[in-house]
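S.K.: Prediction below, plus the sequence it came from.
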Amino acid sequence: MISFSNKLFYLRNLLQTRQLHTGNAKTAIVMLNMGGPHSLDEVPSFLHKIMTDRDMIQFPFMQDRLGPWIAKRRTPEVQKRYAEIGGCSPIYKWTQKQGELLCKKLDTLSPSTAPHQYYIAFRYTTPSTEEAFTSLEKDGVDRVIVFSQYPQYSCATSGSSFNEIFKLFKKRDFPKSLKFSVIDRWPAHPLLAKTFADLISKELQKLSEDKRKEALILFSAHSLPLAAVNRGDSYPSEVGTTVQLVMQELNYCNPHQLVWQSKVGPLPWLGPFTDEALKGYTAQGKKTFILVPIAFVNEHIETLHELDIEYCKDLAKEINNPTILRVPAPNDHPIFIEALADIVKTHLDSNRSVSEKFLNRCPHCVNMNCLHSKQWYSKICNI
Ligand SMILES: C=CC1=C(C)c2cc3[nH]c(cc4nc(cc5[nH]c(cc1n2)c(C)c5CCC(=O)O)C(CCC(=O)O)=C4C)c(C)c3C=C
Ligand code: FES
Ligand SMILES: [Fe+2]
């Protein structure tokens, strides 16, 4: 049964798609991301899709049962959290805005590949990968650039989305005349670092001089299961790269620390955890923190709920009310939009369809999806 709010969403989506896709686009930019529920009714299917995605999470036993069980068990609590941030994830709204601004900029920066049109491909909600490719094929574009919206690459997130494209084209033919290329990661882009540096500076400016001097910058990224880290997933080191470049941009003005949030399920995950770090540092006498969500480019449940409500409000009360300011996600920051446009423009100028890093698997990868997917990308990108 599709609820009234979901029906409204699909109708609005259809109208927007009609308005945006003029049918004369030459270059398609496919914006890959996980997506988030468009309504509270969609939370169960969203969680089910995440927890049964074997590229995202592998259980040591009973994979077919444990995933759906954890998804079902989490549903009421996660629905409550989405209700507290307005009833849906803002990822779709922000991705649309970023896509519009990016294409507008690209039309000026790269007239020879214009008009550019963005297509959103979400892994766990609509618009899906299949919908994105069906639309761009219908629009008759000449080339497609698959652009991951995760700055840092993890096999659990970016990898799962890339594997989904491969799985789609196992079911149907890839259009022969379509030029295809991939932007898989951009953790070291200077304008990404500049965006975060600007956002952090603005928060620091809100503090009195004394507080500003003592503020500890806590970069917080979504954690990963330790099994994925030990398999060789490059996400932790790429998050570290972004952190270093942001601090360099800030001229190492304050102390900083990288911490990890949003552990799911009972298995061990990469730490130190953000909430434990806040507790530890306040016990050490620190009283002022700047929290920076460093591994996602738009607001989502983990910034609006976990950071803003659970840590800045609830946890702060428990630990003697330190000052905690949370830096906004890049969203539609003008330097961030410049970063997106520069990444695509540099890619267009490079004549490189895919990175060598992307085609190489983790040293301990045993996932056959990765093997076959990377073979497919080599072929389709003419490597
Ligand atoms: C950007 C980095 C992310 C990594 C790495 C990541 C790994 C990862 N996540 C789960 C399970 C869940 N993630 C959930 C939400 C969620 N995850 C990310 C980002 C990363 N996840 C974002 C941006 C969001 C929020 C989406 C939104 O709607 O706003 C959820 C659902 C929420 C919840 O239940 O808490 C789950 C479940 C695993 C298992 C994993 C690594 C293996
Ligand atoms: S798990 Fe990293 S390439 Fe397969
Ligand atoms: Fe997640």
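M.R.: Here it is on my side, so go on. This structure is a prediction, so every number in the text was calculated from the model and none was measured. Numbering: from 1, shown residues only. Ligands and ions are numbered 1, 2, ... in the order given.
S.K.: Hmm, His222 is touching Val264, no?
M.R.: No. His222 lies out of contact with Val264 (C-beta atoms under 8 Å); the separation is 9.5 Å. Bear in mind the C-beta positions are built from the backbone N, C-alpha and C, glycine included.
S.K.: Of the two, which one has the most company?
M.R.: His222 (25 against 16; other C-beta atoms under 10 Å).
S.K.: ok, and the closest non-adjacent residue to the more buried one?
M.R.: Take His222 and drop its neighbours on the chain: the residue closest to it by C-beta to C-beta, 6 or more residues apart in numbering is Ser262, 4.8 Å away.
S.K.: Wait, that neighbour touches Ser223, no?
M.R.: Yes. Between Ser262 and Ser223 there is a contact at 6.1 Å, judged by C-beta under 8 Å.
S.K.: who's more crowded, the two?
M.R.: Ser223 (23 against 16).
S.K.: tell me the contacts of the more buried one?
M.R.: For Ser223, the contact set (C-beta atoms under 8 Å, 6 or more residues apart in numbering) comprises 260-263, 269-271, 273.
S.K.: filter those residues to the buried ones?
M.R.: Those of these that meet the buried threshold are 260-263, 269-270, 273, by 16 or more other C-beta atoms under 10 Å.
S.K.: quick one, phi psi at the residue nearest to His222?
M.R.: Here is the backbone geometry of Ser262 (degrees, to the nearest 10): phi 70, psi 40.
S.K.: and what of Leu245?
M.R.: Dihedral pair for Leu245: phi -70, psi -30, per degrees, to the nearest 10.
S.K.: Neighbours of it, how many?
M.R.: 19.
S.K.: tell me the pLDDT at it?
M.R.: Note for Leu245: predicted pLDDT of 98.
S.K.: Please apply the same query to Leu11.
M.R.: 49.
S.K.: do the one 4 residues further on as well
M.R.: Residue-level confidence at Leu15 comes out at 44, pLDDT.
S.K.: Could you list the contact residues of the stretch 251-383 of the chain toward ligand 1?
M.R.: Contact residues (C-beta under 6 Å from any ligand atom) of the stretch 251-383 of the chain with ligand 1: 264, 295-296, 300-302.
S.K.: Who wins on neighbours among the residues you listed?
M.R.: Most neighbours among these, by other C-beta under 10 Å: Ala295, with 25 neighbours.
S.K.: Apart from its chain neighbours, what residue comes closest to that residue?
M.R.: Ala221 (3.8 Å).
S.K.: So that neighbour belongs to a strand, correct?
M.R.: Yes. Ala221: assigned to a strand according to DSSP: H, G, I helix; E, B strand; the rest coil.
S.K.: so how many other residues sit close to it?
M.R.: Ala221 has 27 nearby residues by other C-beta under 10 Å.
S.K.: need the contact list for it.
M.R.: Applying C-beta under 8 Å, 6+ apart, the residues near Ala221 are 152, 239, 258-261, 293-295.
S.K.: how about the residues of the stretch 251-383 of the chain next to ligand 1 in JSON lines, adding pLDDT and secondary structure?
M.R.: Output for these, formatted as JSON lines (pLDDT from 0 to 100; DSSP: H, G, I helix; E, B strand; the rest coil):
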{"residue": "Val264", "pLDDT": "91", "secondary structure": "coil"}
{"residue": "Ala295", "pLDDT": "98", "secondary structure": "coil"}
{"residue": "Phe296", "pLDDT": "95", "secondary structure": "coil"}
{"residue": "His300", "pLDDT": "96", "secondary structure": "coil"}
{"residue": "Ile301", "pLDDT": "96", "secondary structure": "helix"}
{"residue": "Glu302", "pLDDT": "95", "secondary structure": "helix"}
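S.K.: Closest to ligand 1 out of those?
M.R.: His300 (3.0 Å; C-beta to the nearest ligand atom).
S.K.: and the closest residue to ligand 2 within the stretch 101-250 of the chain, how far is that from Val327?
M.R.: Relative to ligand 2, the nearest point of the stretch 101-250 of the chain is Cys155 (3.4 Å; C-beta to the nearest ligand atom). Separation of Cys155 from Val327 (C-beta to C-beta, to the nearest Å) stands at 27 Å.
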